[in-house]
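Q: fold the stuff below for me.
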Amino acid sequence: MKILMIEDNESVAQMMDMFFKKEQWDVVNAYDGEAGLQLFKATPDAFDIITLDLNLPKMDGMQVAQEIRKVSATVPLIMLTARDSESDQVLGLELGADDYVTKPFSPITLVARIKALHRRAEVESAPAAEGTGAGGDFDVVTAHFKLSTKTREAYLDDQQIAGLTPKEFDLLHTLAKNPKQVFSREQLLQLVWDYEYYGDERTVDAHIKKLRQKIEKVGPQIIQTVWGVGYKFDDSALDGNA
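A: Predicted coordinates for the structure are as follows:
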């Protein structure tokens, strides 16, 4: 695995280098936002994971995240930051981060989260079988919705829900394959992120918000909030619109 670590604190970068080498991972370091972004843009397919500090010289981590997502919607991105306010974390997730780790952090925890993201990225990049997709087999089919895990495509009334990030697709799949079942935020964290987030439920809310925005571009909302509990998939209300 090859990691791009955009981190201006050389002590942190050197510490993580040691842990990455124990895992036999390659790491490329950038010590400011502009340098990190240029490294990524030069060879966007070369990196399996990006870790991105929020407070960077020359270009803020939020700006870097936005530019990275313009180039790739799928490269796994973990934000590292000393900020711990809810607004900063939610904004980072809304800009496309897959995970958010607050400093000081345990190197072992960061390694575990990188492994979890990489496992999912490998599954998502597996070749699709022939005969699947818009005209083939789907894993989830309802009266108004269909989804294929092989092509990573979802359709609402035959219109594709475009631009889904890996986590948004996984959230949609988890909810849609169990129509009307209510999932708590804790359950979604465990099912979609593949590890404990220690109660950081804002991660789910931020991704649900972005997912809903993309769904609403093609039709009515099918992800419902169950107040005080969590979220569910329900497209039955669309029957009255048919």
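Q: mean confidence score for the longest helix anywhere in the chain?
A: Secondary structure of the chain per DSSP state H: the longest helix is helix 107-124. Averaging pLDDT along helix 107-124 yields 78.
Q: how about the strands in the chain?
A: Ranges of strands in the chain, per DSSP state E, are 2-6, 26-30, 49-53, 77-81, 99-102, 140-141, 145-148, 153-156, 159-160, 183-184, 223-226, 230-233.
Q: mean pLDDT and mean neighbour count for those - can I get that in CSV?
A: Bear in mind the C-beta positions are built from the backbone N, C-alpha and C, glycine included. Listed next are those as CSV, based on pLDDT from 0 to 100; neighbours: other CB atoms under 10 Å:
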stretch, mean pLDDT, mean neighbour count
strand 2-6, 94, 22
strand 26-30, 93, 18
strand 49-53, 92, 25
strand 77-81, 85, 24
strand 99-102, 80, 20
strand 140-141, 90, 16
strand 145-148, 93, 21
strand 153-156, 93, 22
strand 159-160, 92, 12
strand 183-184, 93, 18
strand 223-226, 94, 15
strand 230-233, 94, 21
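Q: how many other residues sit next to residue 64?
A: Residue 64 has 27 neighbouring residues, counting by other CB atoms under 10 Å.
Q: how about the contacts made by it?
A: Under the criterion of CB atoms under 8 Å, 6 or more residues apart in numbering, the neighbours of residue 64 are 6, 33, 36, 37, 52, 56.
Q: the fourth one and residue 10: what is the separation?
A: Distance check for residue 37 against residue 10: by CB to CB, to the nearest Å, it reads 19 Å.
Q: what do you get for the third one?
A: With the distance defined as CB to CB, residue 36 ends up 14 Å from residue 10.
Q: same question for the second one.
A: Spatial separation of residue 33 from residue 10 under the definition CB to CB is 15 Å.
Q: the more surrounded of the two?
A: Shown here are residue 33 and residue 10; by other CB under 10 Å, residue 33 has more neighbours (25 against 11).
Q: isn't the more buried one right up against residue 62?
A: No - in this structure, residue 33 is not within contact of residue 62 by CB atoms under 8 Å, at 9.4 Å.
Q: ok, how many other residues are close to residue 192?
A: Residues within reach of residue 192, counting by other CB under 10 Å, total 22.
Q: leaving out chain neighbours, which residue sits closest to it?
A: Closest residue to residue 192 apart from its sequence neighbours, by CB to CB, 6 or more residues apart in numbering: residue 170 at 4.8 Å.
Q: pLDDT at the nearest residue to residue 232 once chain neighbours are set aside, what is it?
A: Leaving aside its sequence neighbours, residue 232 sits nearest to residue 182 (CB to CB, 6+ apart; 4.7 Å). Reported pLDDT at residue 182 in the predicted model: 94.
Q: what sits against residue 182?
A: Contacts of residue 182 (CB under 8 Å, 6+ apart): 226, 229, 230, 231, 232.
Q: closest one to residue 165 out of these, please.
A: The closest of those to residue 165 turns out to be residue 231 (CB to CB; 17.1 Å).
Q: for residue 67, see how far away that closest one is.
A: 30 Å.
Q: again, but for residue 75
A: Computed as CB to CB, the residue 75 to residue 67 distance reads 12 Å.
Q: possible to save the contacts of residue 182 as CSV with distance to residue 166?
A: Shown next, in CSV, are those (distance: CB to CB, whole Å):
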residue, distance to residue 166
226, 25
229, 25
230, 21
231, 18
232, 21
